[in-house]
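Enquirer: 3D, please:
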Amino acid sequence: MKREYDFSDGKRGAVIATPPRKVRITIRLDAEIVDHFKRMVLAAGGGNYQTLINEALRQHIDKATRPVDEETLRKVLREELRSGVS
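Expert: Here you go, the predicted structure:
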């Protein structure tokens, strides 16, 4: 190892820039959740478990905010009418 290093051109901060639209946060998840996604990455032969968690959250949001289609609405109405709820 050199006795002296020249850091005069050094820059502070992250080595890899954060991608646009990404936000760094700290979050606490159950160990079982993290283990599940890490196992998914291993089974797939590589990847990033954080990306899988992000995709799962996005799918949940998309599903939760999707408007009800006509077929589903009719099914729910039939079930409610059969049960006698008014």
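
Enquirer: what are the C-alpha coordinates of the worst-scoring helix or strand of the chain on mean pLDDT, in CSV please?
Expert: Counting by mean pLDDT, DSSP states H and E, the chain has its least confident helix or strand at helix 70-83, which shows a mean of 91. What follows is helix 70-83, C-alpha atoms only, in CSV (Å, rounded to 0.1, in the frame of the first residue of the first chain):
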residue,chain,number,x,y,z
GLU,A,70,-68.9,-4.6,-15.7
GLU,A,71,-68.7,-8.4,-15.3
THR,A,72,-67.4,-8.1,-11.7
LEU,A,73,-70.0,-5.5,-10.8
ARG,A,74,-72.8,-7.8,-12.1
LYS,A,75,-71.4,-10.7,-10.2
VAL,A,76,-71.3,-8.8,-6.9
LEU,A,77,-74.8,-7.4,-7.4
ARG,A,78,-76.2,-10.9,-8.1
GLU,A,79,-74.6,-12.2,-5.0
GLU,A,80,-75.9,-9.3,-2.9
LEU,A,81,-79.4,-9.7,-4.3
ARG,A,82,-79.4,-13.5,-3.6
SER,A,83,-78.3,-12.9,0.0
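
Enquirer: mind starting the numbering at 544 from now?
Expert: Yes, from this point I'll number from 544; that puts the last item at helix 613-626.

Enquirer: how far does that helix sit from its chain's centre?
Expert: 33 Å (C-alpha atoms, centre = their mean, to the nearest Å).

Enquirer: now do stretch 601-620
Expert: Averaged C-alpha coordinates place stretch 601-620 at 21 Å from its chain's average position (C-alpha atoms, centre = their mean).

Enquirer: thanks again, I'm all set now.
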